[in-house]
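Asker: Provide a 3D model corresponding to the input given below.
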Amino acid sequence: MVVDLDRWRARNVTAKVEEWAALNAKTKMYSYGSQPPLQLAIGDDFERMDTNWNVLSFGFQENVKFPHCACLLHWNGARKYWLDDGFNKDLFLPTTSVYDQD
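Answerer: Take a look at the predicted model:
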């Protein structure tokens, strides 16, 4: 997620997220953490980004290959690299270049 903070403040998104979270605490409209209140607060007021801005699966699959034009690597699985059983730790070794993967 990339946020235009001026736009966020102008649309008072924080207050809207807090309202949805408070309502959910009373009525249990959703589960799954912090994404639902943000999605409800934003609605359809967002822009889709190129998929290179959210390259997935680094905490879900081992030895993930990614495009050279990747902007953000998303550890969207349970096996985060900083955990003992984490995947793709080699991407953070000082001697490894992400561009060496072909």
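
Asker: ok, Leu83 - contacts?
Answerer: Not one residue lies near Leu83 by C-beta atoms under 8 Å, 6 or more residues apart in numbering. Every residue, glycine included, has its C-beta placed from N, CA and C.

Asker: gap between it and Trp75?
Answerer: Distance of Leu83 to Trp75, given as C-beta to C-beta, to the nearest Å: 10 Å.

Asker: what does Leu56 give?
Answerer: Between Leu56 and Trp75 the computed distance is 9 Å (C-beta to C-beta).

Asker: neighbour count winner among the two?
Answerer: Neighbour tally, Leu56 and Trp75, criterion other C-beta atoms under 10 Å: the higher count belongs to Trp75, 20 against 16.

Asker: these two touch, right, the more buried one and Tyr81?
Answerer: Yes: counting by C-beta atoms under 8 Å, Tyr81 is a contact partner of Trp75 at 6.4 Å.
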